[in-house]
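K.L.:
Could you work out the structure for the sequence below:
(2 chains)
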2 protein chains.
Amino acid sequence: MAGQPRTDEDRRRAILDATWQLIAERGFHAVRISDIAKVCGTSTGTVHYYFPGKTDVLTEALKFCVEQAFVRQSQELRGIDNAHERLLKLIDMQLPRVGQVRDEWSIWLQYWAEAVVRPEFRPAHNEFYARWHDTVVRIVRRGQRQGVFRVDVSPEELALHLTALTDGAAIQVLTGRPGMTVSVMRELLIGFVQRELLVDGESASRARGTSLEPA
Amino acid sequence: MAGQPRTDEDRRRAILDATWQLIAERGFHAVRISDIAKVCGTSTGTVHYYFPGKTDVLTEALKFCVEQAFVRQSQELRGIDNAHERLLKLIDMQLPRVGQVRDEWSIWLQYWAEAVVRPEFRPAHNEFYARWHDTVVRIVRRGQRQGVFRVDVSPEELALHLTALTDGAAIQVLTGRPGMTVSVMRELLIGFVQRELLVDGESASRARGTSLEPA
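P.N.:
Below you'll find the predicted structure:
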């Protein structure tokens, strides 16, 4: 089945697949339509046909990443019944290890830099972001029904905290903050879930603390 | 005292002051050296004299923001003895309200997008970032000495969490996530400090929770 993609949708997808990788590696503004055409072995006219403006290129690249991640996560998470294990798996799948996930994070950072100065980028971002947030909310509710997560925690607030914390920690990894590795990020996120969400997590966590505790 | 700045340092500062605002409003890649020259009423040659490359422009703009924020924060925080109040003030001063602080956040987002794809941006970033992190560490240590903060909390880990959470929450505000306002961000950060850092904060916070709590 090698050779040129044959349908319109195949061609569009092949261009997108090349595009998001280029943006992830070089940055949105460093990628020209001619670079995309070259990598795809096609003409700039063909690229323009599928993606009329550069705004479309970045938005479609982010959408492509989000959809890839969503499919990957859904497949993995579906088979995990226990909500705590499911949340730990989601956290693990979002760690910016070298490779695909790191590249997807690079696209998010590129997108944020655009969305802050160009409001037209925001609606698509917010739609994609909501998917992630809602995935967390659903897992928290599941864990509350299963009795593994505290029911005095608001799923919405927990999801807000976890998504923001994940983004901020990923930035520190991706900008190479000394000492900030993927495993430090992992511990940070797992520790948060342990202390704030797990039934008895806080007391278990505090019991491991020092006896100097003044409270 | 109006008129042209007279010393080299004055001229450099005037250019920087215009530059960081332009980048904050339009994005790093949308600002050309000629735009900076135009706003400053000078030549592109003069801008190049002070900032030889575009990398210098962004790095110096971030440095300028960090220094402005540092001076502003130091002046405000110095007069606050109680570490909890001091931390709340620091949080408050970092909220991306419309105006100066929001523009400074825009520069950080621009910088992250570059640093992820261009490692040469990272050392300066990490130096600036460390300043902020260290400010939080010092306030946590102060609060532990004063007996207002839990001593079973690691100041380093707390600072890692608070800085990451602040960055992630700011992104949600700056990208216009529906419902994500400066005051929601403020509540998120204050709630975290209350639950995880304040002596008796967690028990006070849980006591306000629902009686459905299964633990």
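
K.L.:
A:Leu95 and B:Arg12: what is the separation?
P.N.:
Remark: distance between A:Leu95 and B:Arg12 (CB to CB, to the nearest Å) = 42 Å. The C-beta positions use only the backbone N, C-alpha and C, and glycine is treated the same way.

K.L.:
Looking at those two, which one has more neighbours?
P.N.:
A:Leu95 (19 against 16; other CB atoms under 10 Å in any protein chain shown).

K.L.:
Once you drop chain neighbours, what's closest to the more buried one?
P.N.:
Spatially, and ignoring its direct neighbours in sequence, A:Leu95 is nearest to A:Val182 (4.8 Å; CB to CB, 6 or more residues apart in numbering or on different chains).

K.L.:
Enumerate every residue touching the closest residue to A:Pro178 other than its chain neighbours.
P.N.:
Leaving aside its chain neighbours, A:Pro178 sits nearest to B:Asn126 (6.2 Å; criterion: CB to CB, 6+ apart). By CB atoms under 8 Å, 6 or more residues apart in numbering or on different chains, the residues touching B:Asn126 are A:175-178.

K.L.:
Out of those residues, which end up buried?
P.N.:
A:175-177 (16 or more other CB atoms under 10 Å in any protein chain shown).

K.L.:
Can you tell me which of those residues is closest to A:His84?
P.N.:
The closest of the buried ones among the contacts of B:Asn126 to A:His84 turns out to be A:Arg177 (CB to CB; 28.6 Å).

K.L.:
Need the nearest residue in space to that closest one, chain neighbours excluded.
P.N.:
Nearest residue to A:Arg177 in three dimensions, chain neighbours excluded: B:Asn126, at 5.4 Å (CB to CB, 6+ apart).

K.L.:
The helix or strand containing that neighbour: which residues count as buried?
P.N.:
In the assignment (DSSP states H and E), B:Asn126 maps to helix B:122-146. Within helix B:122-146, the residues scored as buried using 16+ other CB under 10 Å are B:122, B:124-126, B:128-129, B:132-133, B:135-137, B:139-144.

K.L.:
C-terminal to that helix, which secondary structure element comes first?
P.N.:
Next in line after helix B:122-146, if elements are assigned by DSSP H and E, sits helix B:155-174.

K.L.:
Please work out which residues outside the helix or strand following that following helix touch it.
P.N.:
Going down the chain from helix B:155-174, the next helix or strand is helix B:182-196, by DSSP H and E. Residues outside helix B:182-196 that contact it (CB under 8 Å, 6+ apart) are A:157, A:160-161, A:164, A:195-196, B:84, B:87-88, B:91-92, B:95-97, B:150, B:153, B:158, B:161-162, B:165-166, B:169-170, B:172-173, B:201-202, B:204-205.

K.L.:
ok, now with 7 Å
P.N.:
A:160-161, A:195-196, B:87-88, B:91, B:95-97, B:153, B:162, B:165-166, B:169-170, B:173, B:201-202, B:205 (CB atoms under 7 Å, 6 or more residues apart in numbering or on different chains).

K.L.:
I appreciate the help and will end here.
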